[in-house]
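[1] got a predicted model here, sequence first, then my questions.
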Amino acid sequence: MDTLNSGDTAWMLISTGLVVLMIPGLALFYGGMVRVKSVLNMMMMSFGALAIVFVLWIAFGFSMVFGESVGGRGLIGDIGQFIFLKGLDNPSALIGTIPAAVFIAFQGIFAAITVALISGSIADRAKFGAWMVFAGIWATFVYFPVAHWVFAFDDFVAKTGGWIANDLGALDFAGGTAVHINAGAAGLALAFILGKRVGFGKVPMRPHSLPLVMLGAALLWFGWFGFNAGSAIASNGTAGLALLNTIGATTAAVLAWLLVEKLRDGHATSLGAASGVVAGLVAITPACAFVGASGALLIGAIAGALCALSVGLKFMLGYDDSLDVVAVHLVGGIVGTIMIGFVGVDVGIFNGGGTEQLVKQIVGAAAVLVYSFVATLIIGKIVDLTIGFRITENQELTGIDIAIHAEPAYELTDNSQGSIYEFSRGE
Amino acid sequence: MKLITAIIKPFKLEEVKNALQSAGVTGMTVSEASGFGRQGGHTEVYRGAEYTVDLIPKVRLEVLVSDNDAESIVDVIVKVASTGSIGDGKVWTSPVDQVIRVRTGELGAEAI
């Protein structure tokens, strides 16, 4: 029987807080990249995803991910085993060496951030209610099963866990497949379902505030220490290595992204630096505890360059992945996952391993990519056909903040304060 | 009475303002403006997508003067705002029927 380790518990309490910080970090990162008229909606999609997904996580999500694998097939956890966290929501229940409550909260934010990441591909044009419905359905039918495949190890919470983690043996430390490939493939599918923004490719859609983008990237980076080093579920050397690599890969990715920009466009931009930060963080996520420092630098550099080169794809292929969820999360997630097969300590081709691990990595990445893309197409189409996913063209031209949320992001003078015609709707 | 309107480069505002104060001007209105003329715009690049930005930031300066002062004040603005390079802006005058100081109700030249 495991006993509680207070060092592990302290670190995981902090890590959970750090991971929560990634939600406002992402909201700022995405919010700064859209135009003035849709900042609030962009940020609301992140906050909304956290709210709906975490409630579902408590209700049945945790059980679907970490419950006993149904029929021992490794596809989905038993929804009834921990429904509403039955037996776990008390101070004495343990998972590993930490309180069950802390492990549950930590993993729950992973689910929320994965859903929030998708919102970048549908900026400026999704009904907020439809997004919330989609977020709940997608978490239930895509994230919870995939997280079970990847994160549920045998004999940790339940006796039998997911197929990618146990049967296939693909390595994914903190979610290159379950989080980033998953969100990236879903973002691509959703960009197809919603279609392009009015005027895409014709009217300028420049980021309205690059300082917000950089602040968001910085908060994401800070929060990512919880995401990656926290995925050790312990306060130990593995967490330390993950933390070091989370800095190394990210800095290498910034250099690579800026170099591509300088050579291709003539200018190294702040948006490029912020994007490089996120690309590096994404790519090192699956690999952070499985590679050495030089492996991390290589992963970061490749991800930074490849992601920077991928942002032009949407213009060539004609889909409006507004904030480049595909170029950053799908491409970055694939780079990190596959590169474990090359630079992974003991298992990578460059480190004396054969091709065996590389094949496992490719199978794991492909399985998540295909499942997520197809399932998202189906879910997105159903939401679109039933309640409608897009706002009207007029609402889009007016701006989604005013049209859907009835508030503008910025009020820089008192001249447009308007007049109060009703003080309270409650009386 | 005349209204002098000047569109100038933003970094010239302080110099022009001081010169006008020295020339006896007692009031002016300044607003941020943007526009284009012969100077044209510039390009910006975001994640590989290139945008041409046509509208360049300028400062719009408005001064009310008596008919007699108009020419010399315009001269001051043109002289001080000039850098010799493209994009220095424009100055024009227009006739004004009436001016009223809101606080006192003074009219015409008294209100300037």
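    Okay, I see it. Residues are numbered from 1 along each chain as shown, chains lettered A, B, ... in the order given.
[2] looks like A:Glu261 contacts A:Ser270 (just checking).
    No. With contacts counted by CB atoms under 8 Å, A:Glu261 stays clear of A:Ser270, the gap being 10.5 Å. C-beta coordinates here come from the backbone N, C-alpha and C atoms, glycine included.
[3] of those two, who's got more company?
    A:Glu261 (22 against 14; other CB atoms under 10 Å in any protein chain shown).
[4] where does that one land in three-state SS?
    Under the three-state scheme (DSSP: H, G, I helix; E, B strand; the rest coil), A:Glu261 adopts helix.
[5] and for A:Ala116?
    Going by three-state DSSP: A:Ala116 is helix.
[6] roughly how far does it sit from chain B?
    Going from A:Ala116 to chain B by CB to the nearest CB, to the nearest Å gives 20 Å.
[7] so where's chain B shaky on pLDDT?
    Of all residues in chain B, none has pLDDT under 70.
[8] just the strands in it please.
    Read by DSSP state E, chain B holds these strands, from start to end of the chain: B:2-8, B:29-35, B:42-46, B:49-53, B:56-65, B:89-95.
[9] now do the buried residues in the top helix by length along chain B.
    When chain B is parsed with DSSP state H, its longest helix is helix B:67-81. Burial within helix B:67-81, assessed by neighbour count using 16 or more other CB atoms under 10 Å in any protein chain shown, is assigned to B:69-70, B:73-74, B:76-78, B:80-81.
[10] A:Phe82: which of those is nearest?
    Ranked by distance to A:Phe82 (CB to CB), these are led by B:Ala81 at 73.0 Å.
[11] please report the distance of A:Gly87 from A:Gly80.
    12 Å (CB to CB, to the nearest Å).
[12] separation between A:Ala232 and chain B?
    33 Å.
[13] quick one: pLDDT of that residue?
    At A:Ala232, the pLDDT value in this model is 97.
[14] residues in contact with the spatially closest residue to A:Ala375 that is not a sequence neighbour?
    Of all residues beyond its chain neighbours, the one nearest A:Ala375 is A:Val142 (5.0 Å), with distances taken as CB to CB, 6 or more residues apart in numbering or on different chains. Each residue near A:Val142 by CB atoms under 8 Å, 6 or more residues apart in numbering or on different chains is listed here: A:182, A:186, A:371-372, A:375-376, A:379.
[15] restricted to helices, list those.
    A:182, A:186, A:371-372, A:375-376, A:379.
[16] quick check: the two most widely separated of the residues you listed?
    Taking CB to CB as the measure, the ones in helices among the contacts of A:Val142 span a maximum distance of 13.1 Å, between A:Asn182 and A:Ile379.
[17] ok, now which ones touch B:Val76?
    B:Val76 neighbours (CB under 8 Å, 6+ apart): B:16, B:19-20, B:23.
[18] ditto for A:Gly201
    A:Gly201 neighbours (CB under 8 Å, 6+ apart): A:Phe315.
[19] three-state assignment of it?
    A:Gly201 - assigned by three-state DSSP - is coil.
[20] per-residue pLDDT of it, please?
    Reported pLDDT for A:Gly201: 85.
[21] please enumerate the strands of the stretch 201-350 of chain A.
    In the stretch 201-350 of chain A, no strands are defined using DSSP state E, counting those that start in this stretch.
[22] so where do the helices sit in it?
    When secondary structure is read from DSSP state H, counting those that start in this stretch, the stretch 201-350 of chain A shows helices at A:210-229, A:237-265, A:270-284, A:293-310, A:313-317, A:325, A:331-343.
[23] of all those helices, which one is nearest A:Ser63?
    That would be helix A:210-229 among the helices of the stretch 201-350 of chain A, by CB to CB, at 22.5 Å.
[24] which helices and strands does the closest one pack with?
    If contacts are counted by 3 or more CB pairs under 8 Å, 6 or more residues apart in numbering or on different chains; DSSP states H and E, helix A:210-229 sits against helix A:6-33, helix A:100-118, helix A:237-265, helix A:270-284.
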